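Asks: Have a look; sequence and predicted model below, questions after that.
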Amino acid sequence: MNPLFIIGFGLIILGTVATAWPSPKDYITRLINLELPAFGILIVMLSFDETLALLTFIAVTSISTFLFIRVIEKKEGRK
């Protein structure tokens, strides 16, 4: 196994746990914690193919960040 592959999966797991149960439950903390698994996925993809990884990362991150911002805003607006 490639060390980048293992580091990437560690970031994915750490970021997922940090996003699911953040310490201060505010908007910016959840948004920052969302970037940890995104970089973990990028590192895992970089261990396979660089071009495919960068193109996929740019596309998926832009779409998922937009969607998560909308969900978090709606959730924060209800409180």
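Replies: Cool, the structure landed.

Asks: What's the end-to-end length of stretch 46-53?
Replies: With CA to CA, to the nearest Å as the measure, stretch 46-53 spans 5 Å from end to end.

Asks: List the buried residues in it.
Replies: Within stretch 46-53, the residues scored as buried using 16 or more other CB atoms under 10 Å are 46-47, 53. To be clear about C-beta, it is placed using only N, CA and C from the backbone, and glycine gets the same treatment.

Asks: From those residues, which one has the minimum pLDDT?
Replies: Within the set of the buried residues of stretch 46-53, pLDDT is lowest for Ala53 (75).

Asks: so that residue makes contact with Met45?
Replies: Yes: Ala53 lies in contact with Met45 (CB atoms under 8 Å); the separation is 3.4 Å.

Asks: I'd like the buried residues of stretch 46-53 as CSV, with secondary structure and distance to Leu4 appended.
Replies: Compiled in CSV, these are given as follows (DSSP: H, G, I helix; E, B strand; the rest coil; distance: CB to CB, whole Å):
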residue, secondary structure, distance to Leu4
Leu46, helix, 6
Ser47, coil, 4
Ala53, helix, 11
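
Asks: Which one of those residues is nearest to Ile6?
Replies: Ser47 (9.1 Å; CB to CB).
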